[in-house]
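>>> Here is a sequence with its predicted model. Questions after.
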Amino acid sequence: MRARVGVFGATGYSGREIVRLLRQHPQAGVAFTTGSGGGHLDHEAGLGVAADAYLLALPHGIAAGYAARLREAHPDAVVVDLSGDLRLPDTAAYTRWYGQKHPAPELLGRAVFGLSEVYRDRLRGARLVSNPGCYATSVLLPLVPLLRAGLVDPHDIVADAKSGASGAGRSPKESLLFCEVTDDFSAYSPGHSHRHVGEVEAVLRDTTGHDLELTFCPHLLPVKRGILTALHVRTDHPPDALVAALRTAYEGAPFVHVVEAPPRLGDVVFTNDCRISVHPAASGRAVVFSAIDNLVKGAAGQAIQNLNLAMGWEEDAGLPSGFGPDGVAG
């Protein structure tokens, strides 16, 4: 029998993507969805429906409350939270980066951070998972191996990232209207103010032991989906050494691919892939690019990848890749 999965928030971009991906999953199917109208249950009704797993595509400030109630009502089920509610280590960090009190502080520190390739062993058998942010995924997948190997200066990293408009969610906002976004390009939350910076720094502290402050500059692209991140790093090592460390770290990983040319959004949209490339820059510096689909690897796809690991299934079950099984791009 296929596992039954409840999808909370199925009317948002990430929730709709979860439903789309689960339709092609060999071992799981949608048991019910919650959302506004269109035959969806309301969120409260969803709490009473038994399932094997629940994926929460709900806003921060709301999601953790439902996660806590689902854990209490269905303790054997897997709960994957796609919001930022469970990504940070404590209430002080949450209040700093999200500007509000935490809705379920008893859950902080209990969820496995769902950066699949980095925390794979912890995710196997997990029952509460915090899915990373889309920007955080694009920054952490290249940085974690390079910092672990001591190849880049942890105190001189600038992340310059560009995202499609779907990364801001489906709620109506003037800044996301067609006439505001199309034929334009803009920065927002620059320097050290975007909330994903908090989780990036927390994960790097946990995985590499480095306590650092990241300079992060996100931009809004006039496209629907995809994130292209350029990491400007200081290094005493040639680019080939950085490439070798990345390839060693992700050997056998079905969705992370180290490539030669700078990746394009067209390489990764509608896939669960992350493509990474390394290039020489000014003396003592390098540029590391990463590209993902913010709605797949940055949200719904990684949530299903984490569900696969938690349930003991094949990690890539039901997930699309632009690379064939032989590692050659399709």
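Now that the structure is in, tell me what you want to look at.
>>> pretty sure D211 contacts H155?
No - if you go by CB atoms under 8 Å, D211 and H155 don't touch, sitting 9.5 Å apart. Every C-beta, even on glycine, is put in place using the N, C-alpha and C of the backbone.
>>> so what sits against both of the two?
By CB atoms under 8 Å, 6 or more residues apart in numbering, D211 and H155 have no common neighbours.
>>> in the stretch 101-250 of the chain, which spans are helices?
With DSSP state H, counting those that start in this stretch, the ranges of helices along the stretch 101-250 of the chain come out as 120-123, 134-148, 178-181, 196-208, 239-249.
>>> closest one to G12 among those?
The minimum distance between G12 and the helices of the stretch 101-250 of the chain falls on helix 134-148, with 13.3 Å, by CB to CB.
>>> Buried ones in the strand or helix carrying A31, by neighbour count?
In the assignment (DSSP states H and E), A31 maps to strand 28-33. By 16 or more other CB atoms under 10 Å, the buried positions in strand 28-33 come out as 28, 30-33.
>>> partner strands of it, parallel or antiparallel?
strand 3-8 (parallel) (DSSP bridges).
>>> Quick check: closest non-adjacent residue to R96.
G198 (6.9 Å; CB to CB, 6 or more residues apart in numbering).
>>> picking that back up, for Q100, state which of the buried residues of strand 28-33 is nearest.
Minimum distance to Q100 across the buried residues of strand 28-33 is 26.8 Å, recorded for T33 (CB to CB).
>>> What about the residue nearest to that closest one when sequence neighbours are not counted, how many residues nearby?
Spatial nearest neighbour of T33, excluding adjacent residues (CB to CB, 6+ apart): A10 at 3.6 Å. Neighbour count for A10, taken as other CB atoms under 10 Å: 25.
>>> can you list the helices of the stretch 101-250 of the chain in a markdown table and add mean neighbour count, distance to K224 and mean pLDDT?
Converted to a markdown table, the helices of the stretch 101-250 of the chain look like this (neighbours: other CB atoms under 10 Å; distance: least, CB to CB, whole Å; pLDDT from 0 to 100):
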| stretch | mean neighbour count | distance to K224 | mean pLDDT |
| --- | --- | --- | --- |
| helix 120-123 | 16 | 29 | 98 |
| helix 134-148 | 25 | 13 | 98 |
| helix 178-181 | 12 | 10 | 72 |
| helix 196-208 | 21 | 20 | 96 |
| helix 239-249 | 17 | 28 | 98 |
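>>> Out of those, which gets nearest to V5?
The nearest among the helices of the stretch 101-250 of the chain, by CB to CB, is helix 120-123 at 16.4 Å.
>>> just checking, what packs against the closest one?
helix 301-311 (3 or more CB pairs under 8 Å, 6 or more residues apart in numbering; DSSP states H and E).
>>> ok, back up a step: and the buried residues of strand 28-33, which is closest to E117?
Each of these was scored against E117 by CB to CB, and A28 proved nearest at 20.6 Å.
>>> Go ahead and confirm that closest one touches G318.
Yes - with contacts counted by CB under 8 Å, A28 reaches G318, the gap being 7.1 Å.
>>> Look up how far R148 lies from G209.
Between G209 and R148 the distance is 9 Å, computed by CB to CB, to the nearest Å.
>>> swap in H40?
Counting by CB to CB, the separation of H40 from R148 is 43 Å.
>>> same deal with D85?
With distances taken as CB to CB, D85 is found 27 Å from R148.
>>> For the nearest residue to H40 once chain neighbours are set aside, give me its contacts.
Nearest non-adjacent residue to H40, counting by CB to CB, 6+ apart: T33, 4.9 Å away. Applying CB under 8 Å, 6+ apart to T33 gives the contacts 6-8, 10, 15, 19, 40-41.
>>> any low-confidence regions in the stretch 51-200 of the chain?
Scanning the stretch 51-200 of the chain for pLDDT under 70 picks out 168-172, 174-176, 179.
>>> Repeat the analysis, applying 50 as the threshold.
Regions of the stretch 51-200 of the chain meeting the criterion pLDDT under 50 are absent.
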